[in-house]
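Chemist: Generate a structure from the sequence data that follows.
(chains A and B)
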2 protein chains.
Amino acid sequence: MSVNQSLKPITWENKSGKIFIGGCDLEELAEKYGTPLYVIDEATLRGICRDYKEAFKEYKNVKMMYASKALCTSAIARILDEEGFGFDTVSQGEIYTVYKSGVDMQKVLFNGNNKSKNEIELALDLNVGRFSVDNFYEAELLNKIAEEKEVNVDILLRITPGIECHTHEYIQTGQIDSKFGFDLTQIDDIVSLIINKYKNLNLRGIHAHIGSQIFELKSFGDEVEILIKELSRINKKFGLNLDEMNIGGGLGVKYTENDTPPDVKDLAKVVAKAMHKYSDKIPTIYLEPGRSIISTSGVTLYTVGSSKEVNLDGKIKKYVAVDGGMADNPRPSMYQAQYAADLAAAKNVQTEKVTLAGRYCESGDILINEIELPHLECGDIICVYNTGAYNYSMASNYNRVEKPAMVLVNNSQSDMIINRESLDDLISHDCIPDRLRK
Amino acid sequence: MSVNQSLKPITWENKSGKIFIGGCDLEELAEKYGTPLYVIDEATLRGICRDYKEAFKEYKNVKMMYASKALCTSAIARILDEEGFGFDTVSQGEIYTVYKSGVDMQKVLFNGNNKSKNEIELALDLNVGRFSVDNFYEAELLNKIAEEKEVNVDILLRITPGIECHTHEYIQTGQIDSKFGFDLTQIDDIVSLIINKYKNLNLRGIHAHIGSQIFELKSFGDEVEILIKELSRINKKFGLNLDEMNIGGGLGVKYTENDTPPDVKDLAKVVAKAMHKYSDKIPTIYLEPGRSIISTSGVTLYTVGSSKEVNLDGKIKKYVAVDGGMADNPRPSMYQAQYAADLAAAKNVQTEKVTLAGRYCESGDILINEIELPHLECGDIICVYNTGAYNYSMASNYNRVEKPAMVLVNNSQSDMIINRESLDDLISHDCIPDRLRK
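Modeler: Reported below is the predicted structural model:
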């Protein structure tokens, strides 16, 4: 079993009814740092990194690139760097974050469907290792800027392989009708342009990413086959020797007991099998796992506040509100995502079905619809699982609420890795024109 | 016609093909401040404030409370304060913002389904005028804190009138199955508790809010009738003289040509008509408009970047990417919201149907699906209308992208009211534990 198949962090323990993660008592963490609190378990994070390395160890040329958009902070970048991962980045903000945390920028890939001139300039100035060129416009722009800077840029071509994997349509990215990448009919044109015109672009290979939270390994196999064949075809047609293939990320995680994400080892087997259809030498493979790397290691702690019962034609529905919600975790409202949760300190009381509501002034702010939990009281600490990915990274200040803190737990120690925002942070970018001052 | 019925800011002008708002050339604003850029037109904002005041001027006891959650910044608070509005706030962050901008805190109401102890303490310390008490738990907590601080608190009771208005289910709040408020069967219990037990709570009236982006005035009429009857019933039953009634907000705006929001004057008529069924003296009415106050005054400017054509079984679909998207405007992905847009400087070229995509690494990041615009080229400035409400207020740093700046335009002058975030802002809350430092 690989870590992404676990609903809870791998260090999860129940000691006499109290839940510990990374050796830390969740109630004590809530007490010390306040709530809402994002908690990242270092052992779980390093565990899945090692699962990936172990699963793919037979292939010497595999490069693991963490998809930073799942969660990009300086401390997380340090851990991934220590684990030997490179970084898939999608903005100058992500590039800047990994740069400031001391990452070798040659291990960084710059992705995205609309990189701006400023971003490209920063990426070139910081010597980012690879650009995944998304479209004709970008190829021309990138070449022009590289020419001005008198540098050559190693690039991959982002292509849409035409695969429709089963996941939420928002995070399905490999289908033909996509804002991302070149479709297969455009590849020859862009390769010709690079060879004949864009002299500062050094084509190294191709890249695809079919989506996110994928459970069907077949989609990955299909993708690799398409990429392998395409790479071979391009090499033959243009007399090239491209030897890099970025197959993106997308492996799923276990948000609830009903989710059955595949083992990383099985992903490796499917990729290997599809690879064997490649007659020439095996190319360098880039993998870009994001969610599957960071999701399971993260939990969010909330404090229970108010509760309310409504009578729906005789059926009682109970709402229990916590001190966070759609601003720290927009996934339930954005993707109808489901989560599992526990009480941080179990009580010997009867369980009941409740709806965990958030604190934000909007009916859509429901964290978990109908979950069976011990009878909750004000002040109880709730732990929501699998919130490492796309929670902090998508967090807003809706209702002008401060973004929560994040702590890293390991060996019974906890360290702050993101400071909680203050009230003054909330107004730090506000300005009042003189004529409006009181 | 009231301002909320306009798709564009009321100062919108087309001068020889160039669009001006507040007397400012949109292309020049984009050049000066960069994009994405939120622009707020002061005349439009003050215009709708005056529409509300004019429409309700016959009722001496009407209090306008701007629902800050639509857009809460220091400068906007100053303008609303100058227009004589009070503030409906839903967090300590909003309370702190209006406090720091010099608002008389007696004009502030504190709303929300799960106010924390800290927030209640801050609100009491800052002498907030009214609390809208949402549930039994809060009533007890608030009374306890008020007792400790030896203060009396003026409160309204938030009730759910059981009205299902036609709007997106996320922003429908008056139905029975809601996390907000007391339902009608619970009112006598809470009133008794306040009278007999919660001696530091001073009950002044009742409050409801049925939802947001509402086009049917009948819903408001029904709401007022229910509230009026309920207020009268409570007064009679408990021998009280409650004379405050907060009917919330929710009036719609015109996001696209297909939207037909009502005139504020007609809202006033409906409210007045329902009020006449009240036999005793007319209570003080609080109104909490948010979206209808700020939406129309706001536009967002984006710069066109890459574009891409896909062939869908013979039909060509064109994606044009801009330099913003779901992080600065999550409404299309969150609520399937639709928007209208123009090119900032019209060109004498044929129009074409395009899909405006954002820059974020996610297929769901589409700003506008299929819109007819002049042929767009890289560098063109796009103006998306009606982005004043729930855009900046719900903005995130997804993909670690800096939040945009906001400028206020008026009489051909532009003033920064929110500074653009910097790369260093993005990492300003990150910390790296010593043991992970390189």
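
Chemist: State the mean pLDDT of stretch A:243-254.
Modeler: Across stretch A:243-254, the average pLDDT comes to 96.

Chemist: Quick one: end-to-end distance for it.
Modeler: Start to finish, the residues bounding stretch A:243-254 are 34 Å apart (CA to CA, to the nearest Å).

Chemist: Just the buried positions in that stretch, please.
Modeler: In terms of neighbour count (16 or more other CB atoms under 10 Å in any protein chain shown), stretch A:243-254 has its buried residues at A:244, A:245, A:246, A:247, A:248, A:249, A:250, A:251, A:252, A:253, A:254. Where C-beta positions appear, they are placed from N, C-alpha and C, glycine not excepted.

Chemist: Can you give me the neighbour number for whichever residue of the stretch 151-300 of chain A sits closest to chain B?
Modeler: With CB to the nearest CB as the measure, the residue in the stretch 151-300 of chain A that lies nearest chain B is residue A:170; the distance is 2.8 Å. Each residue near residue A:170 was counted by other CB atoms under 10 Å in any protein chain shown, and the total is 17.

Chemist: What score does it have for pLDDT?
Modeler: Looking at residue A:170, its pLDDT stands at 71.

Chemist: How about the secondary structure of the nearest residue to it once chain neighbours are set aside?
Modeler: Nearest non-adjacent residue to residue A:170, counting by CB to CB, 6 or more residues apart in numbering or on different chains: residue B:364, 2.8 Å away. Three-state call for residue B:364 (DSSP: H, G, I helix; E, B strand; the rest coil): coil.

Chemist: And residue A:242, by the same measure?
Modeler: For residue A:242, the secondary structure call by three-state DSSP comes out as coil.

Chemist: returning to that earlier point: make TSV from the buried residues of stretch A:243-254 and add distance to chain B to it.
Modeler: Listed next are the buried residues of stretch A:243-254 as TSV, based on distance: CB to the nearest CB, whole Å:
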residue	distance to chain B
A:244	20
A:245	19
A:246	14
A:247	16
A:248	11
A:249	11
A:250	12
A:251	16
A:252	16
A:253	17
A:254	21
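
Chemist: Let's see which of these end up in strands.
Modeler: The strands, defined by DSSP state E, take in A:244, A:245, A:246 from the buried residues of stretch A:243-254.

Chemist: Residues in a beta bridge with the last one, which ones?
Modeler: Per DSSP bridges, residues listed as beta-bridge partners of residue A:246: residue A:207, residue A:286.

Chemist: Pretty sure it sits against residue A:204.
Modeler: No: here residue A:246 lies out of contact with residue A:204, judged by CB atoms under 8 Å, at a distance of 9.6 Å.

Chemist: follow-up on the earlier one: and the residue of the stretch 151-300 of chain A closest to chain B, that one's in a helix?
Modeler: Yes: counting by three-state DSSP, one finds residue A:170 located in a helix.

Chemist: So it sits against residue B:361, correct?
Modeler: No: contact status for residue A:170 versus residue B:361: not in contact, 11.2 Å apart, counting by CB under 8 Å.

Chemist: Okay, strands next: where are they in the stretch 301-438 of chain A?
Modeler: Using DSSP state E, counting those that start in this stretch, the strands of the stretch 301-438 of chain A run over residues A:315-322, A:341-343, A:351-357, A:366-374, A:381-385, A:405-410, A:413-418.

Chemist: Now find how far off-centre the second one is within its chain.
Modeler: The reference is to strand A:341-343. 23 Å (CA atoms, centre = their mean, to the nearest Å).

Chemist: Which neighbours in the sheet does that strand have, and how are they oriented?
Modeler: Looking at strand A:341-343 with DSSP bridges, what it pairs with is strand A:381-385 (antiparallel).

Chemist: wait, does the lengthiest helix in chain A contact chain B?
Modeler: Longest helix of chain A, by residue count under DSSP state H: helix A:217-238. No: interface with chain B: helix A:217-238 contributes nothing (CB under 8 Å from any CB of the partner chain), its closest point being 15.0 Å away.

Chemist: that older thread, could you dump the strands of the stretch 301-438 of chain A to a markdown table with distance to residue B:191, mean neighbour count and mean pLDDT?
Modeler: Converted to a markdown table, these look like this (distance: least, CB to CB, whole Å; neighbours: other CB atoms under 10 Å in any protein chain shown; pLDDT from 0 to 100):
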| stretch | distance to residue B:191 | mean neighbour count | mean pLDDT |
| --- | --- | --- | --- |
| strand A:315-322 | 21 | 20 | 95 |
| strand A:341-343 | 33 | 21 | 97 |
| strand A:351-357 | 24 | 19 | 96 |
| strand A:366-374 | 29 | 18 | 96 |
| strand A:381-385 | 31 | 25 | 98 |
| strand A:405-410 | 40 | 24 | 98 |
| strand A:413-418 | 44 | 20 | 98 |
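
Chemist: how much space between the spatially most central residue of chain A and chain B?
Modeler: Closest residue to the average C-alpha location of chain A: residue A:70 at 2.0 Å, with CA atoms, centre = their mean. As defined by CB to the nearest CB, to the nearest Å, residue A:70 lies at a distance of 10 Å from chain B.

Chemist: What pLDDT is listed against that residue?
Modeler: 98.

Chemist: mind listing what the residue lying closest to residue A:227 once chain neighbours are set aside touches?
Modeler: Nearest-residue entry for residue A:227: residue A:245, 5.3 Å, with adjacent residues in sequence omitted and distances by CB to CB, 6+ apart. Residue A:245 makes contact with A:205, A:206, A:207, A:224, A:227, A:228, A:231, A:283, A:284, A:285, A:286 under the criterion CB atoms under 8 Å, 6 or more residues apart in numbering or on different chains.

Chemist: just checking, the fourth one touches residue A:275?
Modeler: Yes: taking contact to mean CB under 8 Å, the distance of 6.2 Å between residue A:224 and residue A:275 places them in contact.

Chemist: more crowded one of those two?
Modeler: Neighbour tally, residue A:224 and residue A:275, criterion other CB under 10 Å: the higher count belongs to residue A:224, 23 against 19.

Chemist: which residues touch the more buried one?
Modeler: Applying CB under 8 Å, 6+ apart as the definition, the contact partners of residue A:224 turn out to be A:245, A:247, A:270, A:271, A:274, A:275.

Chemist: bridging residues for residue A:25?
Modeler: Beta-bridge pairing of residue A:25 under DSSP bridges involves residue A:20.

Chemist: tally of neighbours for it?
Modeler: Here the number of neighbours of residue A:25 (other CB under 10 Å) works out to 20.

Chemist: So what's the predicted local confidence for the residue nearest to residue A:170?
Modeler: What the model reports for residue B:364 is a pLDDT of 90.

Chemist: hang on, the earlier thing: mind listing what's buried along the longest helix of chain A?
Modeler: So for helix A:217-238, counting by 16+ other CB under 10 Å, buried means A:217, A:219-228, A:230-232, A:234-235.

Chemist: farthest pair in the residues you listed?
Modeler: Farthest apart among the buried residues of helix A:217-238 by CB to CB are A:217 and A:235. That separation is 26.7 Å.

Chemist: Which residues are in contact with residue A:234?
Modeler: For residue A:234, the set of contacting residues under the criterion of CB under 8 Å, 6+ apart consists of A:187, A:188, A:191, A:206, A:240, A:242.

Chemist: Doesn't the first one belong to a strand?
Modeler: No: going by three-state DSSP, the assignment for residue A:187 is helix, not a strand.

Chemist: Report how many residues lie close to it.
Modeler: Around residue A:187 there are 18 other residues, counting by other CB under 10 Å.

Chemist: Model confidence at residue A:199, what's the number?
Modeler: Confidence per residue is given as pLDDT, and for residue A:199 that number is 98.

Chemist: Dump the ones in strands among the buried residues of stretch A:243-254 to TSV, plus distance to residue A:13.
Modeler: Below are those laid out as TSV (distance: CB to CB, whole Å):
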residue	distance to residue A:13
A:244	43
A:245	41
A:246	38
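
Chemist: Nearest residue to residue A:36 in space, please, no chain neighbours.
Modeler: Excluding its sequence neighbours, the residue lying closest to residue A:36 (CB to CB, 6+ apart) is residue A:324, at 3.5 Å.
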